[in-house]
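> Return a 3D structure for these sequence lines:
(chains A and B)
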Protein chains: 2
Amino acid sequence: MFERIKTFFVGNALKDTDLSTEKFSVKWGLPIYSSDAISSVAYAGEEMLIVLVPALFLGAYKYYILCIAAILFLLVILAISYSQTIDAYPNGGGAYGVATENLGKIPGLIAGAALIIGYILTVAASSAAATAAIYSAFPVLQPYRVFIALGIIVLLTWGNLRGMRESAVMFGTPTYMFIAIIVITILVGAVKAVVHPEMVPKAASFNYQPTMLEGATLFLVLRAFGAGCTALTGVEAVSNAVPNFRDPATKNAKKVLALLAMVCLVCFLGLSILTAVYHVTPDPSGGITVIAQLAERVYGEGSVGFYIVQVATVVILALAANTAFAGMPVLLALMAKDGYMPRKMTNRGIRLGFSNGIEMVFLASALLIIIFRADTHSLLPLYATGVFLAFTLSQTGMLIRWIRKKNSGWKHRAVINGIGAAMSATTCLIIAISRFTAGAWMVLVAIPVIVLVMEYIHQHYHGVQNDLGMDFGDERLSDVYVPKVKIVMPISNLNRAFLKSLHYAMSIQGDLPIELYHVASTEEDQERYRERVETLKEIMNLNAVLVIEETPYRNYSEMLLQHVDKCLDQLDPHETLTVVMSQIIIRHWWQRVLHNQTSEQLKRQLEHKRNVSVVSVPYLLK
Amino acid sequence: MFERIKTFFVGNALKDTDLSTEKFSVKWGLPIYSSDAISSVAYAGEEMLIVLVPALFLGAYKYYILCIAAILFLLVILAISYSQTIDAYPNGGGAYGVATENLGKIPGLIAGAALIIGYILTVAASSAAATAAIYSAFPVLQPYRVFIALGIIVLLTWGNLRGMRESAVMFGTPTYMFIAIIVITILVGAVKAVVHPEMVPKAASFNYQPTMLEGATLFLVLRAFGAGCTALTGVEAVSNAVPNFRDPATKNAKKVLALLAMVCLVCFLGLSILTAVYHVTPDPSGGITVIAQLAERVYGEGSVGFYIVQVATVVILALAANTAFAGMPVLLALMAKDGYMPRKMTNRGIRLGFSNGIEMVFLASALLIIIFRADTHSLLPLYATGVFLAFTLSQTGMLIRWIRKKNSGWKHRAVINGIGAAMSATTCLIIAISRFTAGAWMVLVAIPVIVLVMEYIHQHYHGVQNDLGMDFGDERLSDVYVPKVKIVMPISNLNRAFLKSLHYAMSIQGDLPIELYHVASTEEDQERYRERVETLKEIMNLNAVLVIEETPYRNYSEMLLQHVDKCLDQLDPHETLTVVMSQIIIRHWWQRVLHNQTSEQLKRQLEHKRNVSVVSVPYLLK
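Residues are numbered from 1 along each chain as shown, chains lettered A, B, ... in the order given. Model (predicted):
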């Protein structure tokens, strides 16, 4: 039954040999690996304006463009830096791998933890932003935003459990559509501003001077910069995925990275200038996004253009969330292979996806959506910190690599990655400090905790390996220790289930007598069991002894456990005691309440004793 | 750890021999067995006024006193009827026993179901009424009534799990105090009405004529009567408890029953007249009970007398709820012994109480409190229906008994119980019809459902008994069938845990080879296992065969289960297949996530196959 439901939702099982990855050309590689980075234009600008507008009013736009320029400069630096990572790691250069290889275990784990947090926040923030795009178009839906965001996550989880592939057309087309509609919006908006200058606020207002002190303004600008850096998340995606490109893979990947940077630059800059020109301010009630307001001004309220922008935004944000669903389980499986994550993360589900990892992404992001009430502005301050920490570690790793390897042109390359590392580190610091109280502190707490957990997991597996590992060349193998079979059999009811177990016990019995153990509460009870066991021994030719203990406290299970302990004390530490128990198997789960579950509990407790083998002999009720 | 917490809350274990019941004289028997009946004066009158006052206003009091007279007449009839039950059943004549013995199985089960509902509602309604008494004194507490009522139930559950005995002084004193304060209130109120006639509304208002039709008035009066019959619940308590009285038990019990009827009569009548004289009307907002209002008028608002009445009311209502905690687990144990309730209801806890029954009372009454928001007026309409159904069946049973037995004076006795039965049946009908929509319908639905469940339970146990029962005279005992030991051992990791299991398997192995079963996913994997098993066979002198199956679907557990089925097909139906599995025992529960739980699940699934014995050989991690 459960199997059929599962098949219905998840699909038929796939064979191991079905595991092969589509290789992408530049044409499809670009949209597939850029959705995460490009989709951030949907929220990055708004986050900056939320910081700047309330404090500086119209003067805000001056600083806004300033910050945008800084962010785009950083984008170019990062793109050049990561281009070198593609060269150096043609098999994929994720921050975890690069940092581990070049900086060591702990930086690698920190990068891994930062990436995990980044992935989870990609899902949470992107689905929250997609939800905001939905209720910007349909304001009546705003109260249900938590459910909408969860719905998006559920759909993505479902798709990924079914083994949704990054198929070129299905995933690439919406990204191109989004790029197209954004470019069109920029153009139409620019033309409109020129043709209908009455729609654009007077230039004079740009000269509005903030009344605040310069120092405070600087801090505000840094905060806005930190908020806007969410636009750069996802830039590293291409360098992780080099093997997925068609040959020449390295060259194609670098082309895609360059194009990605260009597209981001155009979209982000164009939309930002338009926002400044139209003086769009964030809605204080959070009911309509800045992008939606801009689309309204460009295309008109309730126009087809407005709705097209909203739909395209929702789709690209969902695709961005999906990149985390695709990326994080692979990272978890990689870390699990290294022993830093539960080993089950390496298990592929029936549709070949790492289903445990997918479920983990689902649970973590759904939790964040619920905790933060699907509010983009609460989630985003957590986002960039982890991502830029991973950037820093990855770039520093590259720097160290060049210095160590010293192959031709290493100085030039070291300088580039050095600048990338320094810029990333600076940005990371700016974000961590300026957004500390807004949520970055949580990430700074979470990363060491995750690292400690991973380290604990590693030590645990290491201990288990030492404990269980077996060397086939080891001479102890010939040291066969076949223990004498010493059987204890608790008896309470002398029924057919008991008889079946007794037959079974006799079949595995060696020379030692079976110990029938009974806990009696009364004198008559004792007498009755003595008689009956005598009868059994006589009729069945049974080699057994009856041990009766008395208790007035009705604590039969404890008595048996204590008795087993006593028996174990008398055994050689290598020997195993066998406890044979009959188990009545009911037909329906709701019959459980009608049968004492003591034997189940007892079995579980006995199994936790070293050197006790528990045999359960089932008796299926008719 | 859990054990220590349990001991702290529940107390040290008690011996079976500690089980003995205190015997009561008339002096202490009266308060102990009358708390349930007497406590109903705290709510019965109010329920009637709620029906009458809004419709008839001052004319209500005329009908109120009329109904009270009818109820008190019924009380006398029931007391005389139950007096005869005491004579006939000196070992306790509960409705379940009397109905089963004299009317048959189904009436007995109906009576049992009605009693169960009655007990649960005693707890729910009494604790709700106690809560109402508390917030009548302290109105700020009204919003927390659900929590207060649940708190009372939790305390009672705790006390009963600790094995709270019906100790004479502890339980008897509060009842005497309640009786005393009620009698004093009646007297003071009467004197005050005479001395300060200005406090009493004009006599003229008594002549207020209702404007309603007579038929509608009749229905209203019947409804009020039905509502007031909650005052008679608990009258049967004495007849259940005859063996708990000092010798001559029958005589003493009858004395107590007569006194109980008298006390109820005096208290109920006195309070009702006073209510009518002072024209107390129920508070529409439900903030203050009628009894509390009466106490205010008699003793003055905020006076010591008022608070004493409230405290005494809370205590006696808690005692009334406790009678159900004492009575229902005994009834459940009795029915479980007859096979109509889960057998575990007969288990005594470490403090000798029927702890499963106590927990059931707790769960059911807490659920009612939560569903009905601790509202007495919603709970009470459910109460009397079940109780009067039980009365009817019990009295009818007595009638049949006299007719069957025909011992001296049987006609006289039959007439008395016949009247009791007829009156109870009529009352039950009146309640069921007049209070149908108010909640009695739920009871009429619940009783057949409970009866069906009990019948199902009985059939299940009967089937199990047929299936499992063993006759010691049966010749099949000598027909010893010791099966050949055929062992299947799944292998996935060749580690020390596996080695330990292998040693164990060798110790119980007969002549047949151990079948090592491996599911491979690749060619190399197969090769590796073949080689290693060959090595093991050579070094360890192992009699084993290796069976390898291939799957590309990663469904290792299903493969093993299918393989076991195949092996079972080849076995004689009497033979048992033994599956030996190593089990890694972790030290801490949170390490579970680090180890695959597949072997646990697999064991559970294997145990559900007839003829598969599962042996788990534990390997405790260091």
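> low-confidence ranges in the stretch 51-200 of chain A?
Along the stretch 51-200 of chain A, segments meeting pLDDT under 70 span A:58, A:164-167, A:199-200.
> same question but for chain A, I mixed them up
A:1-2, A:19-22, A:58, A:164-167, A:199-215, A:472-481.
> For the residue lying closest to residue A:47 once chain neighbours are set aside, give its distance to residue A:46.
In this structure, residue A:47 finds its nearest non-sequential neighbour in residue A:227, 3.9 Å apart by CB to CB, 6 or more residues apart in numbering or on different chains. Glycine gets a C-beta too; all of them are placed from N, C-alpha and C. Distance of residue A:227 to residue A:46, computed by CB to CB, to the nearest Å: 9 Å.
> Could I get the contacting residues of the residue in the stretch 101-250 of chain A that chain B sits nearest to?
Residue nearest to chain B within the stretch 101-250 of chain A: residue A:163 (12.8 Å; CB to the nearest CB). By CB atoms under 8 Å, 6 or more residues apart in numbering or on different chains, the residues touching residue A:163 are A:11, A:14, A:349, A:351, A:352, A:353.
> isn't there a strand covering it?
No - under DSSP: H, G, I helix; E, B strand; the rest coil, residue A:163 falls outside any strand and is assigned coil.
> is chain B contacted by stretch A:588-603?
Yes - interface with chain B: stretch A:588-603 contributes A:591, A:593, A:594, A:595, A:596 (CB under 8 Å from any CB of the partner chain).
> Please state the offset of that stretch from the chain centre?
37 Å (CA atoms, centre = their mean, to the nearest Å).
> need the strands for chain A, in chain order.
A:486-490, A:514-520, A:544-550, A:577-585, A:612-620 (DSSP state E).
> These into a markdown table, with extra columns for mean neighbour count and distance to residue A:68?
Converted to a markdown table, the strands of chain A look like this (neighbours: other CB atoms under 10 Å in any protein chain shown; distance: least, CB to CB, whole Å):
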| stretch | mean neighbour count | distance to residue A:68 |
| --- | --- | --- |
| strand A:486-490 | 23 | 77 |
| strand A:514-520 | 21 | 80 |
| strand A:544-550 | 15 | 82 |
| strand A:577-585 | 22 | 69 |
| strand A:612-620 | 23 | 68 |
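> Spatially central residue for chain A, please.
Centroid-nearest residue in chain A: residue A:361, 3.3 Å away (criterion: CA atoms, centre = their mean).
> just checking, it touches residue A:123?
Yes - checked against CB atoms under 8 Å, the pair residue A:361 and residue A:123 is within contact range at 6.1 Å.
> Name the residues contacting each of these two.
Here residue A:361 and residue A:123 have A:324, A:325 as joint contacts, going by CB under 8 Å, 6+ apart.
> returning to what we had before: pipe the strands of chain A into JSON lines and attach distance to chain B per row.
Below are these laid out as JSON lines (distance: least, CB to the nearest CB, whole Å):
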{"stretch": "strand A:486-490", "distance to chain B": "10"}
{"stretch": "strand A:514-520", "distance to chain B": "11"}
{"stretch": "strand A:544-550", "distance to chain B": "10"}
{"stretch": "strand A:577-585", "distance to chain B": "6"}
{"stretch": "strand A:612-620", "distance to chain B": "4"}
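> which one of the ones you listed lies closest to residue B:426?
strand A:577-585 (48.5 Å; CB to CB).
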